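Asker: sequence plus the predicted model coming up.
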Amino acid sequence: MEVMSHSSSFLLPAGETSAKRYALIVLNQNLPRFTPLLWEHAKLRLCADGGANRIYDELPLFFPREDALLIRNRYKPDVIKGDMDSIRPDVLHFYLSLGTKVIDESHDQDTTDLDKCILFIRDSPLNQESSKLQILATGALGGRFDHEAGNLNVLYRYPDTRITLLSDDCLIQLLPKTHRHEIHIQPSLLGPHCGLIPIGAPSAKTTTTGLQWDLTDTEMRFGGLVSTSNLVKGEKITVESDSDLLWTISIKKQDPNKTLRSG
Ligand SMILES: Nc1ncnc2c1ncn2[C@@H]1O[C@H](COP(=O)(O)OP(=O)(O)OP(=O)(O)O)[C@@H](O)[C@H]1O
Ligand SMILES: Cc1ncc(C[n+]2csc(CCO)c2C)c(N)n1
């Protein structure tokens, strides 16, 4: 079975990481503190409908000494896509005037704005077969539970696309059962709390290394055991399972001597 390697180098401060190729989707929730860093290194920047209000309102707050208009001009989304029932008219007109591509899919009331943005990225010419874009989505957790469940559902809907859901507190990725997984942790940024959750279907056998409570051919199911409040022990975790699992790990609060922001 092939190994899939995971690292969260996109959270490393500028200059401390090798090439990163990802698209960023800003959802309609408070911007995590590391949004400016993610924005600056993204190959494509999208706002899902009301996510544009967050960029407009909240990004200038990261730079209190700078002029808000200058910041809004500097942090211009490439695309705003969704059913357009949450973006404010003033925000829409502002980004239209800057040349942002706006895609109104109000006719589709069966898929979420996050779904719509993921399809745009998958079809983008920047997403090449030889070098696929990862997708990072900010504000995916810690809000309305129906939205959170819809956000988790996109991980299962597009299992061949590397999607990371982010909040200020944690990240979530899907570990498809088709691969063995090696997860590389930057201990200064991530952990120690983590979880492995068989949300789509039960797992008859999951085996891990590198966790405080490792699993050895262990069964997991809702209504039985799911691995929450686990702890990472080192910098490398391995996971093998007969079922797709959600992997989640906590994001450390900012070290006052270091900044996750590059601006
Ligand atoms: N409270 C939340 N918690 C988690 N994710 C959210 C939340 N609010 C929005 N999102 C995410 O941001 C995307 C855009 O949000 P937006 O508020 O524009 O959606 P919407 O479809 O207008 O929502 P509503 O169900 O309120 O009509 C959603 O598709 C969802 O992925
Ligand atoms: C069974 C079912 N439940 C809910 C919706 C509503 N819905 C799902 S995604 C979406 C768009 C949100 O931007 C809306 C309104 C539906 N269509 N079908």
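Answerer: Ah, there it is. Ligands and ions are numbered 1, 2, ... in the order given.
Asker: give me the number of residues near the nearest residue to residue 78 once chain neighbours are set aside?
Answerer: Of all residues not flanking residue 78 in the chain, residue 45 sits nearest, at 5.1 Å (Cβ to Cβ, 6 or more residues apart in numbering). For the C-beta atoms, the positions are set from N, CA and C on the backbone; glycine is no exception. Using other Cβ atoms under 10 Å, residue 45 has 20 neighbouring residues.
Asker: now do residue 65
Answerer: 4.
Asker: same check, this time on residue 186
Answerer: Neighbour tally, residue 186, other Cβ under 10 Å: 16.
Asker: same check on residue 226?
Answerer: Residue 226: 17 neighbours (other Cβ under 10 Å).
Asker: just the endpoints, please. Distance across stretch 77-84?
Answerer: 15 Å (Cα to Cα, to the nearest Å).
Asker: any idea how far that stretch is from the chain center?
Answerer: Distance of stretch 77-84 from the chain centroid (Cα atoms, centre = their mean, to the nearest Å) equals 17 Å.
Asker: next, the contact list for the closest residue to residue 167 other than its chain neighbours, please.
Answerer: Once flanking residues are discounted, residue 167 sits nearest to residue 141: 4.0 Å by Cβ to Cβ, 6+ apart. For residue 141, the contacting residues are 148, 151, 165, 166, 167, 169, 170, 172, by Cβ atoms under 8 Å, 6 or more residues apart in numbering.
Asker: can I get the residues you listed in TSV with secondary structure, neighbour count and pLDDT?
Answerer: Formatted as TSV, these follow (DSSP: H, G, I helix; E, B strand; the rest coil; neighbours: other Cβ atoms under 10 Å; pLDDT from 0 to 100):
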residue	secondary structure	neighbour count	pLDDT
148	helix	17	98
151	helix	22	98
165	strand	26	98
166	strand	25	97
167	coil	20	95
169	coil	14	95
170	strand	18	97
172	strand	23	98
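Asker: ok, and of these, which contact ligand 2?
Answerer: Filtering the contacts of residue 141 for proximity to ligand 2 by Cβ under 6 Å from any ligand atom leaves nothing.
Asker: and the furthest pair within those?
Answerer: Using Cβ to Cβ, the two most remote members of those are 151 and 169, lying 14.5 Å apart.
Asker: so which strand or helix has the residue nearest to residue 156 when sequence neighbours are not counted?
Answerer: Excluding the flanking residues, the one nearest residue 156 by Cβ to Cβ, 6+ apart is residue 200, at 5.4 Å. Counting by DSSP states H and E, no helix or strand carries residue 200.
Asker: re the thing from before, where's the residue nearest to residue 167 relative to residue 75, distance?
Answerer: 22 Å (Cβ to Cβ, to the nearest Å).
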